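Colleague: Quick one, what's the 3D model for this:
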Amino acid sequence: MSVRAVDLVTCRRFLLCPPCFGLAVGWLTLLLAAVLPADSLSAATSNRPNLIFILADDLGYGDLGCYGQELIQTPRLDQMAAEGMRFTDFYAGNTVCAPSRSVLMTGQHMGHTHVRGNAGGPDMSIQSLREQDFTVAELLKSAGYTTGLCGKWGLGDEAPGGRSGLPRRQGFDFFYGYLNQVHAHNYYPEFLWRNETRVPLANEVQRMDRTYGGFTGGWATKRQEYSHDLIAGQALDFIRENAKEDSPPFFLYLALTIPHANNEGTRATGNGQEVPDYGPYADRPWPDPDKGQAAMVSRMDADVGKILDLLAQLNIDQNTVVMFSSDNGPHDEGGHDTERFDPAGPLRGMKRDLYEGGIRVPMIVRWPAKTPSGTTSDHVGYFGDLMATAADLAGVKCPDNVDSISFLPTLSGHPDQQKEHEFLYWEFYEQGGKQAVRSGNWKAIRQPWGTGDTALYDLSEDLGETQDVSDQHPDQVERMQAMMDRAHVSHPDWQPRGRLPAQSP
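Modeller: Residues are numbered from 1 along each chain as shown. Next comes the predicted model:
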């Protein structure tokens with residue numbers, strides 16, 4: 001059995017029992033107070049930074065001004081990049097939602113993590129984290145952090161088979177938002193979840209004929225309460241409530257739904273980019289879905305700015321690490337013209353591709369006390385690295401059974417001390433199955449899975465993956481295929497051949 005992050009508590013159920021866990025933390029505090037000088041104990045608890053991870057949904061590598069976007073206004077994220085660090089070679093866990101988030105939460109790449117695709121069907125067990133899965137939230141909770149999730153979860157559900165993955169069974173003290181992915185399509189839903197309780201909203205929804213995990217999606221015929229605004233407001237409240245001087249550090253996972261389309265709304269009205277108003281784009285000579293796409297991204301940008309402003313107002317910005325990224329590449333599901341905004345920038349592909357446009361994502365980190373401002377890093381990292389980085393930030397041991405390397409040295413301005421991955425690995429179970437691996441500047445894609453040809457690209461010369469050079473470098477192809485074979489560990493729920501899960505929402 002692998003060693004967990006903290007050896008004090010070895011029973012996971014014990015961690016999930018608030019009275020027992022609180023008693024254990026109290027005992028530990030008393031023990032440390034007895035054996036350590038008071039100033040040492042104070043330093044040990046006060047020097048750990050807060051951590052906020054903001055995740056956009058289907059935001060492309062080229063959707064932000066600081067990554068080359070020219071039509072959509074993102075002044076606050078551009079400012080965040082100017083005040084922090086912008087990563088050029090950072091990757092999502094996968095090219096669609098649930099598996100990407102599983103990689104983020106577990107620190108395990110696609111060949112190891114439990115949730116490897118969007119499941120479909122009534123049984124949500126294969127898309128839900130299990131009791132034995134260990135998350136970043138559990139790691140930080142065990143280190144004394146207060147943990148909160150606002151937004152879209154997608155790794156546990158009220159449906160049969162999904163309850164083991166509910167957020168508060170996976171390390172979060174507080175949850176507000178969506179559990180089910182198709183529910184999260186609708187920006188004007190009839191309810192949201194607060195912990196395990198449905199909170200009714202004033203919207204009225206026309207149901208469609210498609211269910212996902214027992215939930216039937218739809219689009220609103222009466223629009224009163226916009227879910228993104230509610231989720232952003234809850235995130236601000238969580239920060240306020242946990243910013244008191246004597247409060248422990250906090251971890252906030254803000255999993256926004258913007259700019260994901262309401263796919264049911266697209267089918268019903270032709271416009272899945274739901275937003276209360278078109279803001280600065282109202283008078284542009286564009287179709288409404290284009291205005292909606294741009295307005296959604298700018299609305300998200302403004303709310304990131306509200307978070308940064310609140311941290312400054314509360315005088316905790318110096319000791320708060322804020323990370324911003326996206327769960328995968330850009331979508332083309334909302335009725336908007338993707339060519340207008342060029343959301344993948346210089347990259348090839350989009351969501352559901354294993355080309356760079358499907359998996360390379362924006363990553364911005366702001367930590368005024370440690371991270372050099374206005375810097376750009378070409379460190380090759382990915383979602384799984386959050387686990388080791390969070391462990392370093394919290395001063396605890398990272399679990400052994402993860403595929404995670406801390407990028408804290410890079411964040412702290414010490415790139416010479418940064419460890420690197422031998423390779424990054426992805427696998428995807430739709431469209432016949434496909435695999436990809438990056439090692440150094442080499443990128444290989446094999447499709448269909450295991451039996452298809454392997455294309456090879458030199459990203460240092462061909463960022464757009466336009467020239468397959470596999471014929472010129474058969475040795476590299478063989479090396480990359482061996483990495484794919486080594487990275488994949490078979491899973492009974494996810495088979496590269498035979499039955500494939502339903503197409504992602």
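Colleague: Tell me who's in contact with residue 412.
Modeller: Residues in contact with residue 412 (CB atoms under 8 Å, 6 or more residues apart in numbering) are 370-371. Just so you know, the C-beta spots here come from the backbone N, C-alpha and C atoms, and that holds for glycine as well.
Colleague: I'd like the distance between it and residue 389.
Modeller: Distance of residue 412 to residue 389, given as CB to CB, to the nearest Å: 11 Å.
Colleague: Do you have the strands of the stretch 201-350 of the chain handy? List them.
Modeller: According to DSSP state E, counting those that start in this stretch, the stretch 201-350 of the chain carries its strands in the segments 204-212, 215-222, 250-255, 320-326.
Colleague: can you tell me which of those comes nearest to residue 277?
Modeller: Residue 277 lies closest to strand 215-222 among the strands of the stretch 201-350 of the chain, at 15.3 Å (CB to CB).
Colleague: And for the closest one, what's in contact with it?
Modeller: 157, 159, 180, 182-183, 185-189, 202-211, 262-265, 268-269, 274, 505.
Colleague: So residue 436: helix, strand or coil?
Modeller: For residue 436, the assignment made with DSSP: H, G, I helix; E, B strand; the rest coil gives strand.
Colleague: Skip the chain neighbours and tell me the closest residue to it.
Modeller: residue 354 (3.9 Å; CB to CB, 6 or more residues apart in numbering).
Colleague: Could you double-check that that neighbour lies in contact with residue 95?
Modeller: Yes - look at residue 354 against residue 95 with CB atoms under 8 Å: they come within range, at 6.0 Å.
Colleague: Could you tell me whether residue 457 really is in a strand?
Modeller: Yes - looking at residue 457 with three-state DSSP, it is inside a strand.
Colleague: which residues touch it?
Modeller: 442-445, 465, 467-469.
Colleague: Now, of these, which are buried?
Modeller: The neighbour count (16 or more other CB atoms under 10 Å) marks 442-445, 465 as buried among the contacts of residue 457.
Colleague: quick revisit: select only the buried ones of the contacts of strand 215-222 in PyMOL?
Modeller: Buried subset of these, written as a PyMOL selection, criterion 16+ other CB under 10 Å:
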select buried, resi 157+159+180+182+183+185+186+187+188+189+203+205+208+211+262+263+264+265+274+505
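Colleague: In helices, which of the contacts of strand 215-222 fall?
Modeller: 182-183, 185, 263-265, 268-269 (DSSP state H).
Colleague: Which two of those residues have the greatest separation?
Modeller: So, the ones in helices among the contacts of strand 215-222 by CB to CB: farthest apart are 183 and 269, at 18.4 Å.
Colleague: distance between the lengthiest helix in the chain and the chain's centre?
Modeller: For the chain, the longest helix by residue count, based on DSSP H, is helix 288-313. Taking CA atoms, centre = their mean, to the nearest Å, one finds helix 288-313 lying 17 Å from the centre of the chain it belongs to.
Colleague: Run through the neighbouring helices and strands of that helix.
Modeller: On a contact count with 3 or more CB pairs under 8 Å, 6 or more residues apart in numbering; DSSP states H and E, helix 288-313 meets strand 50-56, helix 75-83, helix 227-241, strand 320-326, helix 338-341.
Colleague: of all the ones you listed, which lies closest to residue 449?
Modeller: strand 320-326 (25.1 Å).
Colleague: Can you tell me the strand partners of the closest one and which way each runs?
Modeller: strand 50-56 (parallel), strand 363-366 (antiparallel) (DSSP bridges).
Colleague: Let's have those in a markdown table, adding distance to residue 304.
Modeller: A markdown table is the format used below for the strands paired with strand 320-326 (distance: least, CB to CB, whole Å):
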| stretch | distance to residue 304 |
| --- | --- |
| strand 50-56 | 6 |
| strand 363-366 | 9 |
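Colleague: So which residues of the stretch 1-150 of the chain form helices?
Modeller: 12-15, 18-35, 38-46, 75-83, 97-106, 136-142 (DSSP state H, counting those that start in this stretch).
Colleague: Other residues contacting the fourth one?
Modeller: Helix 75-83 is contacted by residues 64-66, 301-302, 304-305, 308, 322, 324, 364, 366, 368, 373-374 when judged by CB under 8 Å, 6+ apart.
Colleague: returning to what we had before: quick one, which of residue 354 and residue 95 is more surrounded?
Modeller: residue 95 (28 against 25; other CB atoms under 10 Å).
Colleague: got the contact list for that one?
Modeller: 328-329, 351-354, 358-359, 426, 428.
Colleague: now with 7 Å?
Modeller: By CB atoms under 7 Å, 6 or more residues apart in numbering, the contact set of residue 95 is 328-329, 351-354, 358-359, 428.
Colleague: returning to that earlier point: the contacts of helix 75-83, buried ones only, as a PyMOL selection?
Modeller: Remark: buried members of the contacts of helix 75-83, expressed as a PyMOL selection using 16+ other CB under 10 Å:
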select buried, resi 64+65+66+301+302+304+305+308+322+324+364+366+368
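Colleague: Using CSV, please lay out the contacts of residue 95 together with pLDDT, distance to residue 479 and secondary structure.
Modeller: Shown next, in CSV, are the contacts of residue 95 (pLDDT from 0 to 100; distance: CB to CB, whole Å; DSSP: H, G, I helix; E, B strand; the rest coil):
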residue, pLDDT, distance to residue 479, secondary structure
328, 98, 27, coil
329, 98, 26, coil
351, 97, 28, coil
352, 96, 27, coil
353, 97, 23, coil
354, 98, 18, coil
358, 98, 23, helix
359, 98, 20, helix
428, 95, 21, strand
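Colleague: Please identify which pair of those residues lies farthest apart.
Modeller: Counting by CB to CB, the most remote pair of the contacts of residue 95 is 329 and 428, 12.0 Å apart.
Colleague: Have a look at those two and say which one is more surrounded.
Modeller: Neighbours per residue (other CB under 10 Å) separate residue 329 from residue 428, with residue 329 holding more: 30 against 26.
Colleague: which ones among the contacts of residue 457 are found in strands?
Modeller: For the contacts of residue 457, the ones inside strands are 442-445, with DSSP state E as the criterion.
Colleague: just these now: which is nearest residue 163?
Modeller: Using CB to CB, the ones in strands among the contacts of residue 457 come closest to residue 163 at residue 445, 36.4 Å.
Colleague: Could you pull up the contacting residues of the closest one?
Modeller: 354, 434, 436, 455 are the contacts of residue 445 under CB under 7 Å, 6+ apart.
Colleague: Would you map the strands across the stretch 351-500 of the chain?
Modeller: Counting by DSSP E, counting those that start in this stretch, the strands of the stretch 351-500 of the chain are 363-366, 375-377, 381-382, 424-428, 434-439, 442-447, 453-458.
Colleague: Would you map out the domains in this protein?
Modeller: Split into domains by automatic domain parsing, the chain comes to 48-424, 425-487.
Colleague: Looking at the ones you listed, which is nearest to residue 494?
Modeller: domain 48-424 (4.3 Å).
Colleague: Span of that closest one from start to end?
Modeller: From its first residue to its last, domain 48-424 covers 29 Å (CA to CA, to the nearest Å).
Colleague: One more: stretch 460-469?
Modeller: Stretch 460-469 end-to-end distance (CA to CA) = 13 Å.
Colleague: Name the surrounding residues that touch that stretch.
Modeller: Against stretch 460-469 from outside (CB under 7 Å, 6+ apart): 346-348, 355-356, 441, 443, 455-458.
Colleague: Return the distance of residue 406 relative to residue 414.
Modeller: From residue 406 to residue 414 the distance is 12 Å (CB to CB).
Colleague: Give me the spatial nearest neighbour of residue 344, chain neighbours excluded.
Modeller: residue 357 is the one closest to residue 344 (CB to CB, 6+ apart), at 3.5 Å.
Colleague: tell me the contacts of the one you found?
Modeller: Residue 357 makes contact with 61, 329, 344, 347-350, according to CB under 7 Å, 6+ apart.
Colleague: Narrow the residues you listed to those that are buried.
Modeller: 61, 329, 344, 347-350.
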